[in-house]
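**Q** take a look and give me a structure for this.
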Amino acid sequence: MSTATARYAGHLRTEATHVASGNTILTDAPVDNHGRGEAFSPTDLVSAALGSCMMTIMGIVAERHQVDLTGVTYDVTKHMAAEPRRIRQIDVTFQMPATLPEKERTILENAARTCPVALSLNPEIQQEVRFVYEG
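**A** Predicted coordinates:
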């Protein structure tokens with residue numbers, strides 16, 4: 001069974017549907033590449049997928065260790081290369097609770113860095129991952 005199906009909606013937009021759930025995602029080409037920039041670009045999705053995958057794997061590990069990560073956030077920034085046009089770097093910064101003990105910090109950070117998306121991306125794409133413990 002397919003994971004997703006998609007259709008070209010015209011004007012450099014696509015609509016992808018997750019087969020199992022029926023949820024949809026719209027994409028739009030970015031303004032600097034002839035699009036309107038009114039939705040995630042495909043490369044935005046790759047960048048967001050990296051952060052979401054890291055967060056998900058941390059969540060799995062956190063549950064195993066009875067650590068509550070509810071409310072943890074991340075910011076992701078994508079950097080593009082011009083020739084060829086591709087993602088050259090993705091920065092992910094997690095805002096983590098300051099109360100996490102050092103042992104759990106190490107376990108969670110290692111889990112994030114070894115998520116399936118991080119391991120699947122071309123090694124030429126630099127991944128800058130930061131964990132900020134505040135609050």
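
**Q** all helices of the protein, in order?
**A** Read by DSSP state H, the chain holds these helices, from start to end of the chain: 42-64, 102-113, 116-120.

**Q** which parts of the shortest one are buried?
**A** Think helix 116-120. 117-118 (16 or more other CB atoms under 10 Å). C-beta: built from backbone N, CA, C; applies to glycine.

**Q** of all the helices of the chain, which one comes closest to residue 81?
**A** If you check each of the helices of the chain against residue 81 by CB to CB, helix 42-64 wins as the nearest, at 10.8 Å.

**Q** and that closest one, what does it pack onto?
**A** For helix 42-64, the contact count by 3 or more CB pairs under 8 Å, 6 or more residues apart in numbering; DSSP states H and E identifies strand 24-28, strand 73-81, strand 86-97, helix 102-113, helix 116-120 as packing neighbours.

**Q** does anything pack onto the fourth one? Which helices or strands?
**A** In terms of contact count using 3+ CB pairs under 8 Å, 6+ apart, helix 102-113 is assigned the packing partners helix 42-64, strand 86-97, strand 126-134.

**Q** other residues contacting the second one?
**A** Okay, so that is strand 86-97. Counting by CB atoms under 8 Å, 6 or more residues apart in numbering, strand 86-97 makes contact with 43, 46-47, 50-51, 54-55, 69, 71-81, 105, 108, 112, 121, 124-135, all of which sit outside it.
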